[in-house]
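[1] Build the 3D model from these lines:
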Amino acid sequence: MLQKIRDNLQGTIAKVIIAVIAVPFAVFGIEAFFTGGPPKVARVGQENISQQELEQAIELQRRRLLGNAKESIDPTELEASKLRGPVLDSLIERKLLGQVAARSGFRAGEGLIDRIILDDESFRENGKFSQERLQGILASNGLSPSSYRSLLREEVLINQVLGGLATSDFATEEEIREVARITQQSVDVRYIKLPLDIKSPAPEVPPDRVSSYFKTNAAEFKTPESAGFDYVELRIEDLYAAVDEGQVKAAYEARLADYKNATERHAAHIMISSLDDDKAKARLGELRDALLKGADFVALASQNSEDVGSAQSGGDLGYSSGDAFPAEFEQALAGLKPGEVSAPLRTESGWHIVKLLDVRAIEAPTLAELRPEIEAEIKARTAKPVFVERSEQLADLTFNSEGLDEAAKALGTTVQHGPVISRRGGEGLFADARLISAAFGDDVLKSGQNSEVIEIDDTHAVVLRLREHQPERQQELAEVEPQIRAVLGEAIRREQAVARAESLLREVSAGAVMEELARRDSLEWQVALAHRRGASEVPREMSDAVFSISRAPGASGSGTVVLPAGDVVIFQTSNFKEGDLAAIPPDQQGSLRGMLAQSRGAAAAAHYRQQLRASADVQLL
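    Numbers count the residues shown, from 1 in each chain. Here you go, the predicted model:
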């Protein structure tokens, strides 16, 4: 979602977004009322990272892993102890980059954030912005509207820092020639595929192999520990009251102040970052002189700008409302009239000349567009004190209580019955890491006590009580023998296919013709002439294999490779050729240069992040 920020909002980032783990911005809640403030886990310069912020980030990472998993995932990969280190490193890095953005004077105004949200296709239904859809998507990711706005602002600022670095490097001609030599290599391939035999009866699996597999892998054959819980739940939405129309209009008028006399400027630039300051300034001065004499800006930008992203569009950077580009850039842009070109100026990403293409008034969102968001904010702000008070009551009523009924009755709600879950968690509410941790903690699981108030987020709280518990159990061989026989039967089939392929390969190596072997054994043989790395005409694993053998021009070779589905390929190569940059069409050479420059820029950005962390004042608490 966060990676869909519109390209023209990236300024001198040159439309390159560096991927980062998106983590919720911490919004401290109930815990602060009981402890005087959330515990800290790290100090980054003068800023702290709280335990709650870390837990929210771990939970989002866990959800991301579960969402990306095509098959069941190892539960240990989701444990907080395993996720804590990488997630904390990510939080520290984002804090550091945010501090760099602040020192550099980067900004992201409320109008920009409003427009990003309103323009995001993820939040649209039937082509129109939907506040209900926005809130649903945010809630499913553990975010509130206010924390999402904070995160969007942080993302824009961090991208401004990293984007300038990501577009500041370039590739040498020698590097380009070497990449062309490798990526454009070609070879003729003849091959036979031996399909895994899954139609014939399952091969016989010796009993001793079954028992041996069971003993070796006994840990895989256990029923996981599971438990069911009852719970009382508080949600701030249940406390929402009707909103006065006067409040809505007043809030809207306050928002409109951000748009009063506001304009957007359409900018283009030519950037040079590879030369020292004097040479870069002089070169841009020459280009500006040419422009003042009538040269075409688009052509000069395409030919001379080292900002790869914008050079391809004639230096066009899109519109800025005054806060999309670095301060020096914005200052120069503000001093121009449409069609004028600035004197050379310097930013962190390099030297520039800037052209103002157009100025237009920023159209303020209508009341109808902002009404859902404004009403939601007013409802949440009004309900928050009541929610905090009821959360305190919930904590008092459930402390050392024999059950949840008394608390539910006093708060006007009911005791709900949750599903039976394992330590891996379940769905919905029971996928939350904080809830799972409390549910399987000693107080709830072993002592039979009510949990403490679990703050799912700053608008949602839960208290749990154990209802039933089933400990982990080692399964008997008889229970899992069919499963083991299926696994071993598959393994035997694969072993037989590999043995058959190796036998045929020996015949090929001895001089047999592959086509004749294929006809003899009723197998299909295929040919891929002038096959290049990664081309889709052959399986990727086979493409990797054919280029891993002899590379001498004109040389031949042979080998086998097992495909993911278990099929085995026997291949024979000939007519190997090195790639040649000169053979690549000019437009593709330009694309190759652009990709290499982006790769080098990304490496520069990664190195900057490493150096930033190494030199930073970071304390783990």
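[2] Okay, domains of the chain per the record?
    Listed domain ranges for the chain are 2-169, 185-221+476-578, 225-240+368-474, 263-361 (source: automatic domain parsing).
[3] now the stretch 101-250 of the chain, which segments are flagged as low pLDDT?
    Of all residues in the stretch 101-250 of the chain, those with pLDDT under 70 make up the ranges 109-111, 131, 140-142, 164-170, 198-199.
[4] ok, now with 80
    104-115, 118-119, 124-147, 160-173, 175, 197-202 (pLDDT under 80).
[5] Name the residues of stretch 125-137 that are buried.
    Neighbour counts over stretch 125-137 (16 or more other CB atoms under 10 Å) mark 129, 131, 134-135, 137 as buried. In short, each C-beta sits where N, CA and C put it, glycine included.
[6] Give me the distance from that stretch to the chain's centre.
    22 Å (CA atoms, centre = their mean, to the nearest Å).
[7] Give me the distance between the two termini of that stretch.
    13 Å (CA to CA, to the nearest Å).
[8] now swap in stretch 515-532 and tell me
    Termini of stretch 515-532 sit 22 Å apart (CA to CA).
[9] Give me the residues contacting it.
    With contact meaning CB atoms under 8 Å, 6 or more residues apart in numbering, stretch 515-532 is reached by 183-194, 504, 507-508, 514, 535, 537-538, 543, 546, 575, 577.
[10] wait, is residue 189 part of a strand?
    Yes. The assignment for residue 189, made by DSSP: H, G, I helix; E, B strand; the rest coil, places it in a strand.
[11] what's the burial count for it?
    24 (other CB atoms under 10 Å).
[12] Are any of the contacts of stretch 515-532 buried, and if so which?
    Burial by neighbour count, judged by 16+ other CB under 10 Å, picks out 184-194, 504, 508, 514, 538, 543, 546 from the contacts of stretch 515-532.
[13] residue ranges of the strands in the stretch 1-150 of the chain, please?
    Secondary structure of the stretch 1-150 of the chain (DSSP state E, counting those that start in this stretch): strands located at 40-44, 47-50, 124-125, 128-129.
[14] Reformat the ones you listed into CSV and put distance to residue 213 next to each item.
    Formatted as CSV, the strands of the stretch 1-150 of the chain follow (distance: least, CB to CB, whole Å):
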stretch, distance to residue 213
strand 40-44, 43
strand 47-50, 46
strand 124-125, 52
strand 128-129, 57
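[15] Would you tell me which of the ones you listed gets closest to residue 396?
    strand 47-50 (24.3 Å; CB to CB).
[16] Tell me the helices and strands packed up against the closest one.
    Packing partners of strand 47-50 (3 or more CB pairs under 8 Å, 6 or more residues apart in numbering; DSSP states H and E): strand 40-44, helix 80-103.
[17] can I get the ones you listed in TSV with mean neighbour count and distance to residue 465?
    Output for these, formatted as TSV (neighbours: other CB atoms under 10 Å; distance: least, CB to CB, whole Å):
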stretch	mean neighbour count	distance to residue 465
strand 40-44	18	29
helix 80-103	17	22
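[18] so can I have a markdown table of those showing distance to residue 476?
    Listed next are the helices and strands packed on strand 47-50 as a markdown table, based on distance: least, CB to CB, whole Å:
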| stretch | distance to residue 476 |
| --- | --- |
| strand 40-44 | 44 |
| helix 80-103 | 31 |
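[19] sec struct for residue 365, please.
    Per three-state DSSP, residue 365 ends up coil.
[20] ok now do it, which residues does it touch?
    114, 118, 255.
[21] of all the domains of the chain, which lies closest to residue 607?
    Closest approach to residue 607 among those (CB to CB): domain 2-169, 8.7 Å.
[22] Can you check what angle separates the host helix or strand of residue 161 from helix 80-103?
    Assigned by DSSP states H and E, residue 161 belongs to helix 145-166. Relative orientation of helix 145-166 and helix 80-103, computed by axes from the mean of the first three to the mean of the last three CA atoms, to 10 degrees: 70 degrees.
[23] May I have helix 145-166 as CSV, with CA atoms only?
    Once non-C-alpha atoms are left out, helix 145-166 reads as follows in CSV (Å, rounded to 0.1, in the frame of the first residue of the first chain):
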residue,chain,number,x,y,z
PRO,A,145,-6.2,6.8,10.3
SER,A,146,-4.0,9.1,12.3
SER,A,147,-1.1,6.6,12.6
TYR,A,148,-1.4,5.9,8.8
ARG,A,149,-1.1,9.6,8.1
SER,A,150,2.0,9.7,10.3
LEU,A,151,3.4,6.7,8.5
LEU,A,152,2.7,8.2,5.0
ARG,A,153,4.5,11.4,6.0
GLU,A,154,7.4,9.4,7.3
GLU,A,155,7.5,7.4,4.1
VAL,A,156,7.6,10.5,1.9
LEU,A,157,10.4,12.0,3.9
ILE,A,158,12.5,8.9,4.0
ASN,A,159,12.0,8.3,0.2
GLN,A,160,13.3,11.9,-0.4
VAL,A,161,16.5,11.0,1.5
LEU,A,162,17.1,7.6,-0.1
GLY,A,163,15.8,8.6,-3.6
GLY,A,164,18.4,11.2,-4.1
LEU,A,165,21.1,8.6,-3.3
ALA,A,166,19.4,5.9,-5.4
